[in-house]
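Peer 1: what's the 3D shape of this:
(chains A and B)
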Amino acid sequence: GAVVSQHPSRVICKSGTSVKIECRSLDFQATTMFWYRQFPKQSLMLMATSNEGSKATYEQGVEKDKFLINHASLTLSTLTVTSAHPEDSSFYICSARDFDVTGELFFGEGSRLTVL
Amino acid sequence: ELKVEQNPLFLSMQEGKNYTIYCNYSTTSDRLYWYRQDPGKSLESLFVLLSNGAVKQEGRLMASLDTKARLSTLHITAAVHDLSATYFCAVGPNNNDMRFGAGTRLTVKP
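Peer 2: Numbers count the residues shown, from 1 in each chain, chains lettered A, B, ... in the order given. Just a heads-up that it's a prediction; the model follows:
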C-alpha cells in the first residue's frame, strides 16, 4: 500500500517551545492530509484537514493559532505546536488519502510529543 | 454529525474462541474501514469495505458491511494471542475525513 512517513517519532520539549512534525506521502501525491490526536487509551480525534496550497480546516475546539498547519506541497504537510504546554502532550498521527487506492486513508507512524 | 459506535470497548477472550466486534454508524456512508493498533504504534489497515454486503477475510479475521443497517462486524475466529490489540472501525463518507469508533481493546489469553 501507499506509504506515509511521519517525523519525528518522538519528541520531548520544554514548555513554551514550539515543535514541528512533518508528514510526507512517499509514493503518491496527497492534496489532502489529515491530522489526528490520540490521548492514551482513547480513539483518534480529528484536529484538522490540511489542504495543499490553501488554509487548513480546523475542527471545532481546535485552536488554529496553537496548531499551525502548512501544506506547501503535494507530498508534505507540517503541524507546528506553538508554545507547547504539558497538556499538549499526546500522540499525533497524520494520514493521507490515496485516491488511486479506493480512497483508502494511509497513516503515518505517529509522533509522540512530551512537553515537560 | 456522523457518529460511530463500537462495542464492546473491552474484550477478553480465551485462545481458540470466537467473538464479534460491532460497529454502528449514524449516517449514510459508502465505505467503512477496520484498523488495528498495537500499543505505542500507529494504525494498520485491515479491511476496506466498499459496498453493501461486502465481506472480506484475512486469516482469523472477517469483516462484513450492511449499509442498510449501518452496521459492520469484525469476526474473530479461533483467537490467538497475536491478535491482542485495539481495533478501530472508521467511516469516511463521500471521500471526506474519517470518523473513528472508540476502539475495542482485545486481549487474548492462553
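Peer 1: Is the helix or strand bottoming out on mean pLDDT in chain A positioned near chain B?
Peer 2: When the helices and strands of chain A are scored by mean pLDDT, DSSP states H and E, strand A:104-107 comes last with a mean of 84. Yes - using C-beta under 8 Å from any C-beta of the partner chain, strand A:104-107 reaches chain B at A:104-107. C-betas here are computed from N, CA, C, even on glycine.
Peer 1: Please export the C-alpha coordinates of the next helix or strand after that strand as CSV.
Peer 2: Scanning forward in sequence from strand A:104-107 by DSSP states H and E, the next helix or strand is strand A:111-115. Output in CSV follows, covering the C-alpha atoms of strand A:111-115 (Å, rounded to 0.1, in the frame of the first residue of the first chain):
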residue,chain,number,x,y,z
SER,A,111,4.7,11.3,16.7
ARG,A,112,4.7,11.1,20.5
LEU,A,113,5.1,14.6,22.0
THR,A,114,6.0,15.0,25.6
VAL,A,115,6.1,18.6,27.0
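Peer 1: I'd like to know the beta-bridge partner residues of the closest residue to B:Leu71 other than its chain neighbours.
Peer 2: Nearest residue to B:Leu71 in three dimensions, chain neighbours excluded: B:Asn24, at 5.5 Å (C-beta to C-beta, 6 or more residues apart in numbering or on different chains). Beta bridges link B:Asn24 to B:Glu5, B:Leu71, judged by DSSP bridges.
Peer 1: I'd assumed B:Thr67 was in contact with B:Asn24.
Peer 2: No - shown here, B:Asn24 and B:Thr67 do not form a contact pair, counting by C-beta atoms under 8 Å, at 11.9 Å.
Peer 1: With neighbour numbers in mind, choose between the two.
Peer 2: Comparing B:Asn24 with B:Thr67 by other C-beta atoms under 10 Å in any protein chain shown, the one with more neighbours is B:Thr67, at 19 against 16.
Peer 1: next SSE after the helix or strand that contains A:Asn70?
Peer 2: In this structure, A:Asn70 is located in strand A:67-73 according to DSSP H and E. The helix or strand immediately downstream of strand A:67-73 is strand A:76-81, counting by DSSP H and E.
Peer 1: That next one pairs with which strands?
Peer 2: Applying DSSP bridges, strand A:76-81 is found paired with strand A:19-25 (antiparallel), strand A:67-73 (antiparallel).
Peer 1: Let me know which of the ones you listed is tucked in deepest.
Peer 2: Burial of the strands paired with strand A:76-81 is given as mean neighbour count (mean count of other C-beta atoms under 10 Å in any protein chain shown); strand A:19-25 ranks first at a mean of 21.
Peer 1: neighbouring contacts of the helix or strand that it is followed by?
Peer 2: With elements assigned by DSSP H and E, the helix or strand that comes after strand A:19-25 is strand A:32-38. With contacts defined as C-beta atoms under 8 Å, 6 or more residues apart in numbering or on different chains, strand A:32-38 is touched by A:23, A:25, A:44-52, A:67, A:69, A:71, A:77, A:79, A:90-97, A:105, A:110, B:97-98.
Peer 1: Can you give me the buried ones in strand A:32-38?
Peer 2: For strand A:32-38, burial by neighbour count (16 or more other C-beta atoms under 10 Å in any protein chain shown) applies to A:32-38.
Peer 1: Kindly calculate the angle that that strand makes with strand A:76-81.
Peer 2: Computed with axes from the mean of the first three to the mean of the last three C-alpha atoms, to 10 degrees, the direction of strand A:32-38 lies at 30 degrees from that of strand A:76-81.
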